[in-house]
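Undergrad: What follows is a predicted structure for the sequence shown.
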Amino acid sequence: MSAVTPAKPTQKQTEPWRQRLIRSLLYGRNVDRAAKARARVGLAMLAFTSVYVLIGGRLVMFAIGADAHSARRAAAQEVVATARPDIVDRNGAILATDVKAASLFGEPRRIIDKDEAIELLTATVPDLDEAEVRERLSSRKGFVWLKREVTAKQQQDIHKLGVPGIGFLRENKRVYPTGNEVAHLIGLVNIDNQGIAGMEKWLDNQGLADLHRAGFATDRLQKPIELSIDLRVEHALRDELLKAKEKFHTKAASGIVSNVKTGEIVAMVSLPDFDPNNPKEAHDPDRINRLTTGVYEMGSTFKAFTLAMALDSGKINLNTPWDARGNLHYGKFTIHDSHPLGRFINTKEVFTYSSNIGAARIALGQGVEAHKAFLAKMGQLTRLRTELPESAAPLVPRRWGELNTVTIAFGQGMSVAPLQAVMGINALVNGGYLIPPTFMKRTPEEAAALAKRVIKPETSDKMRFLMRLNAEIGTAKTADVKGYYVGGKTGTSEKVINGRYAKKRVLNSFTAIMPCDDPKYQILIMLDEPQAIPETKGFITSGWNAVPTGGKVIERIAPLLGVEPRFDLPPSDRLILAASRTTQ
């Protein structure tokens, strides 16, 4: 009988059923060792990939959380100063531009020890206000400004502190390379690079502010803004006004140079001025732009309008006589001349001797309504609008009667912005066209499209003749710079103090044109409350201070403006009136 040896159980039979189930699910049935090895490798790769993905995700989250980049950018987006276009003069000289500056910020949620951070920051930057810094860092905000526009040294010193949650953002800072030179024209911006005055504010009103809000004004590829100003002329005008202000001890001094054929303002200065790089100076109420935001009685310069009105009507001519034998009594008021002649004078003498009596009689002869209509036509009765946001409305009598016409005829009883008067005088001498003034470059063709005829060409010829005659024999003689055929009109207006005219406190003006035979430029000089000095022999009227100042300005700026000197020219009656349609 043979013995039967039982078969040895296989691995598959001895393996617990749970393991067999797992193996079947993972590898399937009857799989060889090579397949098993490949499956194990794939499983390991899957595990490692999952780990690396997890680590990478955590690193990204850590980077975002550590720098707070997105949160910081979102929180600061509304306040970071955005870029503005350069502003340049008519020759390309930079008047305003942007530079990059670092600003200090804090992230209150990331600061571990706020007391230590505040102590270190205020010790490093002494002009930081400790209470203000503490208040900001104690907030629950994710982002707060601590100091805008820090210096490079301050930035370096703060970096060395190594305080978590304190950092810097680079933003645009507006700078003005010319300082005070064109302050009233350029204006200034606030800490966020938003225009708050002058041409800077005008820029924002033209759509730049909308670009900022939309996030499209963040680069320096914006086209420069070209102004009509000539920086060279501006400097010469300001320099002479500074000298006059000091010499005659004036309260203020101002001036304009205007192109009579295009309306472009080539230079504009109002002293005292300010440095737009130091905005605090701009808040001084004495530093206003007297040429656009101030309104003044322009004195005898207004006689030019009175005579132009009458000459243009055809009711008078240059030789019409006027009774100036004595004072003019109107009701309880008495009109007198500074230099009474005690005789009849003609229209030319009314202008050259600056006769108040003659101007009053001429205006009365035209009538109240005609007087009002003419000044309205010349743009003197409504607010003048230019690119500059700062402007003032003229002060016009509510009830305009004959007495108002009498006084306004020689520049009292009505106040206008000086730039407004300049616009009107331009029309009197440029052939009779009223052209709105501008601070932007303008071509003659563009000016012609805007021009409006307000007086006849022959009337303009007569006004140019009268202005030149005044420089030849009248009150403007000290401004007659040889070679430039200058003409002009003086004005001395007593200031109203406590409701009464003060004889010793005057506002002097002098408006000049050059050259009178073919005017290109008008120059206005204004001196506020000049004092008598030995050189003026105790006088404070315009002929002793504003006129010589105008002459010095003309002497300096004429070559810069390309006005070539011409000598041995005939007198005004032959050079100007001979070319006119009539000599009457």
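TA: Yep, that arrived. Numbering: from 1, shown residues only.
Undergrad: quick one, helices of the stretch 301-450 of the chain?
TA: In the stretch 301-450 of the chain, the segments counted as helices under DSSP state H, counting those that start in this stretch are 303-313, 347-352, 356-366, 368-377, 402-408, 418-429, 444-450.
Undergrad: So what would you say the end-to-end distance of stretch 509-518 is?
TA: 23 Å (Cα to Cα, to the nearest Å).
Undergrad: Just the buried residues of it, please?
TA: Neighbour-count burial for stretch 509-518 flags 509, 510, 511, 512, 513, 514, 515, 516, 517 (criterion: 16 or more other Cβ atoms under 10 Å). Where you see a C-beta, it was placed from the backbone N, CA and C, and this is true even at glycine.
Undergrad: for stretch 304-319, same thing?
TA: Within stretch 304-319, judged by 16+ other Cβ under 10 Å, the buried ones are 304, 305, 306, 307, 308, 309, 310, 311, 312, 313, 316, 318.
Undergrad: Please, which helix or strand holds the residue lying closest to the first one once chain neighbours are set aside?
TA: The one in question is residue 304. Spatial nearest neighbour of residue 304, excluding adjacent residues (Cβ to Cβ, 6 or more residues apart in numbering): residue 489 at 5.4 Å. Using DSSP states H and E, residue 489 sits within strand 487-497.
Undergrad: Which is the succeeding secondary structure element to that strand?
TA: Beyond strand 487-497 toward the C-terminal end (DSSP H and E), the next one is strand 500-514.
Undergrad: quick revisit: which residues belonging to the strand holding residue 489 are considered buried?
TA: Across strand 487-497, burial judged by 16+ other Cβ under 10 Å covers 487, 488, 489, 490, 491, 492, 493, 494, 495.
Undergrad: which two in those are spaced the farthest apart?
TA: Farthest pair in these (Cβ to Cβ) is 487 and 495. Separation: 27.0 Å.
Undergrad: now do the same end-to-end measure for stretch 178-192.
TA: Taking Cα to Cα as the criterion, the two ends of stretch 178-192 lie 21 Å apart.
Undergrad: Return the set of buried residues in that stretch.
TA: For stretch 178-192, a neighbour-count test (16+ other Cβ under 10 Å) marks 178, 180, 181, 182, 183, 184, 185, 186, 187, 188, 189 as buried.
Undergrad: so which of the helices of the stretch 301-450 of the chain comes closest to residue 163?
TA: helix 418-429 (53.2 Å).
Undergrad: now the strand holding residue 489 against helix 418-429, angle please.
TA: 150 degrees (axes from the mean of the first three to the mean of the last three Cα atoms, to 10 degrees).
Undergrad: 36 is where my numbering starts, stick with that
TA: Noted, 36 is the first residue going forward, which turns the last one into strand 522-532.
Undergrad: Can you name every helix or strand that strand 522-532 contacts?
TA: Under the contact criterion of 3 or more Cβ pairs under 8 Å, 6 or more residues apart in numbering; DSSP states H and E, strand 522-532 touches helix 492-508, strand 535-549, helix 581-595.
Undergrad: Name the next helix or strand following the second one along the chain.
TA: If you walk from strand 535-549 toward the C-terminus, the next helix or strand you reach (DSSP H and E) is strand 556-563.
Undergrad: Which strands border that following strand, and is each parallel or antiparallel?
TA: strand 287-294 (antiparallel), strand 535-549 (antiparallel) (DSSP bridges).
Undergrad: which one of those strands is the most hemmed in?
TA: Most buried of the strands paired with strand 556-563, by mean neighbour count (mean count of other Cβ atoms under 10 Å): strand 287-294, with a mean of 26.
Undergrad: Mind listing residues that contact that strand?
TA: With contact meaning Cβ atoms under 8 Å, 6 or more residues apart in numbering, strand 287-294 is reached by 263, 268, 272, 275-277, 279-280, 299-307, 321, 325-326, 453-454, 457, 461, 472, 555-564, 588, 592, 596.
Undergrad: what's the spacing between it and its chain's center?
TA: With Cα atoms, centre = their mean, to the nearest Å as the basis, strand 287-294 stands 15 Å off its chain's centre.
Undergrad: Could you pull up the mean pLDDT of it?
TA: For strand 287-294, mean pLDDT rounds to 98.
Undergrad: Check stretch 370-382 too.
TA: 92.
Undergrad: Can I get it as CSV, trimmed to CA atoms?
TA: What follows is stretch 370-382, C-alpha atoms only, in CSV (Å, rounded to 0.1, in the frame of the first residue of the first chain):
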residue,chain,number,x,y,z
ILE,A,370,-14.1,165.9,-12.3
HIS,A,371,-10.6,167.5,-12.6
ASP,A,372,-7.4,166.8,-14.5
SER,A,373,-4.1,166.0,-12.9
HIS,A,374,-2.4,168.5,-15.2
PRO,A,375,-5.1,171.1,-16.1
LEU,A,376,-4.5,173.0,-19.4
GLY,A,377,-7.3,175.6,-18.9
ARG,A,378,-8.3,175.6,-22.6
PHE,A,379,-10.0,173.7,-25.3
ILE,A,380,-8.1,170.6,-26.3
ASN,A,381,-8.5,168.2,-29.2
THR,A,382,-9.0,164.5,-29.2
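Undergrad: residues of that stretch that come out buried?
TA: Neighbour-count burial for stretch 370-382 flags 370, 372, 380, 381, 382 (criterion: 16+ other Cβ under 10 Å).
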